[in-house]
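[1] Model the following, please.
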Amino acid sequence: MNVSNNCSTTNVELHHHVCLIEFALYSLIFFFGALFNVLAFWVFSCKMKKWTETRVYVMNLIFADFSVICTLPSMVYLLWNKSAQGELCQFTETMYFINMLMSIYIISLISIDRYIAIKHPLKARTFRSPSKAALLCGLLWVLVTISATIQLRQRHADLCFQTYTPMPAALSLLAIFFVFTLPLAILTFCSTEVIRNLKKHLNASSPEEKSIQKAVHIIYANLAVFLICFLPAYLGLLARFIMESVGATCFLLCVMKNFSSVMRCIATSNCCLDSVCYYFVTREFHEAFLQPKASSQKTEATHPFQIQPC
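    Numbering: from 1, shown residues only. The predicted structure is shown next:
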C-alpha cells in the first residue's frame, strides 16, 4: 500500500459523532436482531414439523445472524473505549466476520436452492434433500471458519476492526470478490430467474395469482435488502482500498474511515432483516404452490413449481 507514513487508516480516529451513531445503531441492531432471531428460531424449530432444505438453511442462517448479534456488545465496548487491540478484540472480530460471511453465503445457498426447486423441479429431487443441505452447510462452516481465521491472522495488524491490511492488492480485490461480488451475482441471477418463472404463471389467470404476486414482491424485497445493507459497505471498502493504494490525503482517508464504520453498521443490520425476510418467503411459497394443490395428487406431482413445505 502507498499510504503516507504520517497518516494511515490505522491511526486515524473516528469522529465523535460517528462514534455516537455507531453506538445508537449497534444498540438498535442488538435489540431488534435478538428479538427477531429468537422469534424466527421459535417458529422454525417449534412450529414446523418436517425438516426440509429450507428449514436447514434458515436454521443455519439464524444461528449465524444471532452469533453476529452476540458480538455487538463487545464491539460497542471496545470501539467506545478505543480498546481495539488485545485477545478479546481479536476474538470478537473473528467471530463477527466468520458469522457475517456465513450469513451472506447461506443467503446465496437459499437462492440457489429456490432456483433449482422452481426452475428445474425434476432435477430438484436428485440435488435437493435435507441431509444434503445439512452437509453443504457443514462444509461451508468449515471453509469459512478456516479461510476467515487465516486471513485475519495473516494481517499482522496491531488493531482489530481495521479494513486496512498490508496484503497485496490482488488478494484484497479477490477477498472483495468472494465476500460480496460473487454472492451478489448468485442472488441476482437466481432471484431474476425465479421471478421470471413466477410471472409466466401470472398470465394464466391461475387461482394462485395473488399468492404468486406476493412471492414476487417478497423476492424483490429480499434482493433490495441485500443491496441496501451490503452495497454501500463494499463500495466504500473498494473506494478506501483505492485511496490507500494511490496515497490519498489524510483528510480523504479520515472521511472514508468514518464512512466505512457507519456502513459496517448498516451491513450488520442485515442480521435483523434476514429472519423476517425468509420467514415470509417460506410462508408465501408454501401458500402459493402447495396449499392450493393439496386436493389433486396428480397436479402436485407434475406442477413445475412444486416445492416442499417447511
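
[2] Helices of the stretch 201-310 of the chain, start to end?
    209-246, 250-268, 270-289, 297-302 (DSSP state H, counting those that start in this stretch).

[3] Output those helices in a markdown table; the columns should cover mean neighbour count, distance to residue 80 and mean pLDDT.
    C-beta here means a position set from N, CA and C on the backbone, and glycine is covered the same way. Output for these, formatted as a markdown table (neighbours: other C-beta atoms under 10 Å; distance: least, C-beta to C-beta, whole Å; pLDDT from 0 to 100):
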| stretch | mean neighbour count | distance to residue 80 | mean pLDDT |
| --- | --- | --- | --- |
| helix 209-246 | 18 | 21 | 81 |
| helix 250-268 | 19 | 12 | 83 |
| helix 270-289 | 22 | 20 | 66 |
| helix 297-302 | 10 | 56 | 38 |
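
[4] and the ones you listed as a markdown table, adding distance to residue 74?
    Listed next are the helices of the stretch 201-310 of the chain as a markdown table, based on distance: least, C-beta to C-beta, whole Å:
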| stretch | distance to residue 74 |
| --- | --- |
| helix 209-246 | 20 |
| helix 250-268 | 13 |
| helix 270-289 | 15 |
| helix 297-302 | 49 |
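
[5] mind checking which of those helices is nearest residue 128?
    The closest of the helices of the stretch 201-310 of the chain to residue 128 is helix 270-289. By C-beta to C-beta, the value is 13.8 Å.

[6] Report how many residues lie close to the closest residue to residue 144 other than its chain neighbours.
    What sits nearest to residue 144 in space, not counting adjacent residues and going by C-beta to C-beta, 6 or more residues apart in numbering, is residue 101, at 4.8 Å. Counted by other C-beta atoms under 10 Å, the residues lying close to residue 101 total 20.

[7] and residue 101, what does it touch?
    144, 148, 179 (C-beta atoms under 8 Å, 6 or more residues apart in numbering).

[8] in which helix or strand would I find it?
    helix 87-119 (DSSP states H and E).

[9] cool, and residue 146?
    Residue 146 belongs to helix 130-153, assigned by DSSP H and E.

[10] CA atoms of that helix as CSV?
    Taking Å, rounded to 0.1, in the frame of the first residue of the first chain, the C-alpha atoms of helix 130-153 are listed here in CSV:
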residue,chain,number,x,y,z
PRO,A,130,-32.4,-32.0,4.0
SER,A,131,-29.3,-34.2,4.5
LYS,A,132,-27.5,-32.7,1.5
ALA,A,133,-28.4,-29.2,2.7
ALA,A,134,-27.0,-30.0,6.2
LEU,A,135,-23.8,-31.5,4.7
LEU,A,136,-23.4,-28.4,2.5
CYS,A,137,-23.9,-26.0,5.4
GLY,A,138,-21.4,-28.1,7.5
LEU,A,139,-18.7,-27.8,4.7
LEU,A,140,-19.4,-24.1,4.4
TRP,A,141,-18.9,-23.5,8.1
VAL,A,142,-15.6,-25.3,8.0
LEU,A,143,-14.3,-23.5,4.9
VAL,A,144,-15.4,-20.0,6.1
THR,A,145,-14.0,-20.5,9.5
ILE,A,146,-10.6,-21.7,8.2
SER,A,147,-10.3,-19.0,5.5
ALA,A,148,-11.5,-16.1,7.7
THR,A,149,-9.2,-17.1,10.6
ILE,A,150,-6.2,-17.4,8.3
GLN,A,151,-6.9,-14.1,6.6
LEU,A,152,-7.3,-12.2,9.9
ARG,A,153,-4.2,-13.7,11.4
